[in-house]
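>>> show me the folded form of this:
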Amino acid sequence: MDLELRHLKIVRAVAEAGSVTKAATHLGLAQPALTAQLKRIERVLGGTLFDRDHTGARPTPLGELVLSRARVLLPAARELQEEAVRFANAGGEVPRYRVGATNGPILGGLVDRLATAWPSTPVTTRTSWSARELTTMIMSGVIDFALIGACGESQPPVDGPAVWLTVGSDPVFVMLNEDHPLAGRREVELGELAGEQWAVTPGDGCFGDCFAAACARAGFTPQTIYETDVATCVHLAKVGRAAVLCQATFQPSAGLAMVPISEAPLRWRHLLGWHPDAPIARVAPMVAGYAKAAHADAVRRSERYAAWLAGHPHFGTSP
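Numbers count the residues shown, from 1 in each chain. Sure, this is the predicted structure:
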């Protein structure tokens, strides 16, 4: 017997009900029939899935492993079925846009453009700090497109045949309290910030290593580095507790100043990815165009970056 989705549904039902008897009632089966089916499933999987006694059924360690996979596979299978029905009923047209993104300036503008161009087509979003997680979502069909960042020339996560297109390339600036002695400078040398504590948003790429290497070239080792969410980074900069590494498109609030770092030792590439064999791939050029337009808008909104960009034309939105 091969393991099937219906078997995972049985395992899940027993776990949720807390007993084989209650699960049988829920599934509309006789209790002896469900017990026999569960024993066959256990033989296929190589061990006991539940400890069963007069108080009910509790998952064994093997059962917990199977349940953790079932909680992913069953919703994904249901979503696939629903999407296939919508796709067929739409005559082969793309039924929706599902976009995942890490922290960046593009997602909002892209969603707005997609919703404007196709007001009757749903647009859904997911966010993650992990570019690798979003890549896995592309390959498993959970999302259609992913907007991620890559430090310098580093490659996106390799996980199957995902296609990646560079939307834009930005320098990393530093955000300081407006009363900081360097806040009014046109540019600041990285070495001038040697005495600062630092704050940065998390990620699973090489940015931390690249920052440490840039500091070493500037002759110092960075002090405390706070890895935290955007709001906390902004707060730490505003109270003068840390210098914040930020994308040049970031819009600082009152009390803050964003300053370019001389020679742009740190760079951030915005990438759009998708699965080349997915039906949605045929609209990828259009989506890429909208993503680039969203990035260009973010650049224009940042007066400091737009002014800096005039002397550094190799940065900015990709052609």
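>>> checking residue 202 next. Helix, strand or coil?
At residue 202 the chain is in coil, as set by DSSP: H, G, I helix; E, B strand; the rest coil.
>>> residue 34 now?
helix.
>>> just give me the residue right at the centre of the protein.
The residue lying closest to the centre of the chain (CA atoms, centre = their mean) is residue 128, at 3.1 Å.
>>> the residue nearest to that one when sequence neighbours are not counted is in what secondary structure piece?
In space, and not counting its chain neighbours, residue 128 is closest to residue 134: 5.4 Å by CB to CB, 6 or more residues apart in numbering. For glycine as for every other residue, the C-beta is placed from the backbone atoms N, C-alpha and C. Using DSSP states H and E, residue 134 sits within helix 131-140.
>>> helices and strands around that helix, which ones?
Applying 3 or more CB pairs under 8 Å, 6 or more residues apart in numbering; DSSP states H and E, one finds that helix 131-140 makes contact with strand 97-101, strand 145-151, strand 267-274.
>>> make it 10 Å
Packing contacts for helix 131-140, counted by 3 or more CB pairs under 10 Å, 6 or more residues apart in numbering; DSSP states H and E, involve helix 61-89, strand 97-101, strand 123-127, strand 145-151, strand 163-177, strand 267-274.
>>> ranking these by burial, who's on top?
Ranked by mean neighbour count, the helices and strands packed on helix 131-140 are led by strand 145-151 with a mean of 24 (mean count of other CB atoms under 10 Å).
>>> strands paired with it, and their directions?
Strand pairing for strand 145-151, using DSSP bridges, gives strand 97-101 (parallel), strand 267-274 (antiparallel).
>>> and the chain, what are its domains?
Annotated domains of the chain cover 5-88, 96-319 [automatic domain parsing].
>>> low-confidence ranges, the stretch 151-300 of the chain, go.
Filtered on pLDDT under 70, the stretch 151-300 of the chain yields the residue ranges 159.
>>> residue ranges for the helices of it, please.
Using DSSP state H, counting those that start in this stretch, the helices of the stretch 151-300 of the chain run over 207-217, 230-238, 284-301.
>>> what packs against the first one?
The one in question is helix 207-217. The contact analysis (3+ CB pairs under 10 Å, 6+ apart) places helix 207-217 against strand 145-151, strand 163-177, strand 198-200, strand 225-227, strand 267-274.
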